[in-house]
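Undergrad: only geometry, no sequence info:
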């Protein structure tokens, strides 16, 4: 059985009132927290890249107007609050007092407007908000004004969503720079400052506590919502690609926290009294198989539909989690299971024994002529490589002429943009994974988009999915939104913009003397050495 060692690495929500809490009593901060991130931090601009490591870095250095709590509801963060008028078509968001950039300058609404505009040009949900916006302005230093063409109830959620790219607030001079190029100067208003002079590419990134950061007064720390109180003067990220080396560093105390603990080594880690192993993000990771809709054989919708009968999610997940079967779930559709938009509508295609002979006959009847199917398998990311190997075997069993090509992730990433035939360096199928919090609803679910040539790699074209997505934004209530998502899932089974491969829960491992770790992705406030 193939096992994973490490991986590469949105819900109906509205603003809810903040509960009142007593002001936090702050102890003297500890000196250093040592952290092993999932991969090296290659891109620093959190509005430019969709890499999770970049998003995690972004939340240290930058802040957001809203945060999301554990129920994915938007709570004011940099915002003190908002006034909604004109039947939902005007939002005035007021900044709270005491906000400063790391260079000592005051945060202004003009800075935030420029930041929002930059993000809108990079993000799918941001683009939907931009389309609904008539005017985005700063009538004074503390007020951000949206004048909308129509009500957009998800506005606060959009500005606070955790799915990358995040809507990071930055000084206008940075936000207004060339949007085609990532910013490299890390000046935010978040709880930590980035120490660029201590960066060692491929090895280390370092952060220092921002002494002038003022956490919000109310609420309870929960995911990215509530007060962000820091308890470490310094956080050091050390990149350790080898799982055995990372595990040894954690067990000996050289490192405090391993973000994505190797599934192969969980038993060893659990046996150490000085360590804790926990799943903090219950939305998990969801595997994705993306076919190229512009090239044979997957440009044929009948062949795409037939392949559902060969897809065995349980086999894919078992290959990833190995001896930890409790960590995976199959029967997964197009929205994160256990969240409001998820359902089992249309998923009969995943149930029952896999009949490869039947699928083979259906594929031949659909017109398959033996075309080569180039499957990209990134050997340096074992979990994703496992998806490729298991699914390639399923393709072979139903008669597809599979050409499994083992490459590294760095080579695969640009190759996905090749629109040519397989003889011209093109491809037929690639694999990736997303956290479940990225796949909560049609608004931020970019891998479900079906925009044809203007869309994401694979370029699926489904006017019906796009029509339903637009209707979802205008749905008057939760039941209406859920009904639309059921229709989207039915259509997605027909069009197969991608194939969901199952969900697995990814544990993190850390020193037992750390307390206050929040649910969700790796954040660096509230946590302390107890």
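TA: Sure thing, it's come through. As the structure is a prediction and not an experimental result, all values here were calculated from the model.

Undergrad: pretty sure residue 432 is in a strand, no?
TA: Yes: applying DSSP: H, G, I helix; E, B strand; the rest coil, one finds residue 432 inside a strand.

Undergrad: looking at it, it is touching residue 376, isn't it?
TA: No: with contact taken as Cβ atoms under 8 Å, residue 432 and residue 376 are classed as non-touching, separated by 10.2 Å. Glycine gets a C-beta too; all of them are placed from N, C-alpha and C.

Undergrad: Number of residues surrounding residue 490?
TA: Counted with other Cβ atoms under 10 Å, residues neighbouring residue 490 total 17.

Undergrad: any idea of the mean pLDDT for the helix or strand it falls within?
TA: Assigned by DSSP states H and E, residue 490 belongs to helix 478-495. Taken as a whole, helix 478-495 has an average pLDDT of 97.

Undergrad: For it, give me every contacting residue.
TA: 12, 301, 304-305, 308, 333-335, 340-343, 345-347, 349, 441-442, 448, 450, 460, 462, 464-465, 468-469, 471-472, 475 (Cβ atoms under 8 Å, 6 or more residues apart in numbering).

Undergrad: Go through those residues and flag which are in helices.
TA: The helices, defined by DSSP state H, take in 301, 304, 305, 464, 465, 468, 469, 471, 472 from these.

Undergrad: and stretch 465-472, how far from the chain's centre?
TA: Offset of stretch 465-472 from its chain centre (Cα atoms, centre = their mean, to the nearest Å): 21 Å.

Undergrad: which parts of it are buried?
TA: Buried positions in stretch 465-472, judged by neighbour count with 16 or more other Cβ atoms under 10 Å: 465, 466, 468, 469, 471, 472.

Undergrad: do the same with stretch 32-52
TA: 33-41, 44-52.

Undergrad: what distance separates it from the middle of the whole chain?
TA: 13 Å.

Undergrad: got the end-to-end distance for that stretch?
TA: With Cα to Cα, to the nearest Å as the measure, stretch 32-52 spans 23 Å from end to end.

Undergrad: taking the mean pLDDT, what do you get for it?
TA: 91.

Undergrad: Would you mark the buried spots in the helix or strand bottoming out on mean pLDDT in the chain?
TA: Least confident helix or strand, the chain: helix 409-415 with a mean of 86, by mean pLDDT, DSSP states H and E. Along helix 409-415, these residues count as buried under the neighbour rule (16+ other Cβ under 10 Å): 409, 412, 415.

Undergrad: Ok, stretch 354-367 next?
TA: 354, 356, 359, 360, 362, 363.

Undergrad: which among these gets closest to residue 526?
TA: Residue 526 has its nearest neighbour among the buried residues of stretch 354-367 in residue 354, at 45.4 Å by Cβ to Cβ.

Undergrad: Need the nearest residue in space to that closest one, chain neighbours excluded.
TA: With Cβ to Cβ, 6 or more residues apart in numbering as the criterion, residue 354 has its nearest non-adjacent residue at 5.2 Å, and that residue is residue 312.

Undergrad: just the helices in the chain please.
TA: Going by DSSP H, the chain shows helices at 52-61, 109-120, 124-132, 155-160, 172-175, 243-251, 266-270, 301-307, 313-321, 356-365, 382-397, 409-415, 463-474, 478-495.

Undergrad: In JSON lines, list the ones you listed along with distance to residue 87.
TA: Shown next, in JSON lines, are the helices of the chain (distance: least, Cβ to Cβ, whole Å):
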{"stretch": "helix 52-61", "distance to residue 87": "34"}
{"stretch": "helix 109-120", "distance to residue 87": "22"}
{"stretch": "helix 124-132", "distance to residue 87": "14"}
{"stretch": "helix 155-160", "distance to residue 87": "14"}
{"stretch": "helix 172-175", "distance to residue 87": "30"}
{"stretch": "helix 243-251", "distance to residue 87": "54"}
{"stretch": "helix 266-270", "distance to residue 87": "53"}
{"stretch": "helix 301-307", "distance to residue 87": "42"}
{"stretch": "helix 313-321", "distance to residue 87": "45"}
{"stretch": "helix 356-365", "distance to residue 87": "51"}
{"stretch": "helix 382-397", "distance to residue 87": "47"}
{"stretch": "helix 409-415", "distance to residue 87": "45"}
{"stretch": "helix 463-474", "distance to residue 87": "14"}
{"stretch": "helix 478-495", "distance to residue 87": "18"}
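
Undergrad: Good, wrapping up.
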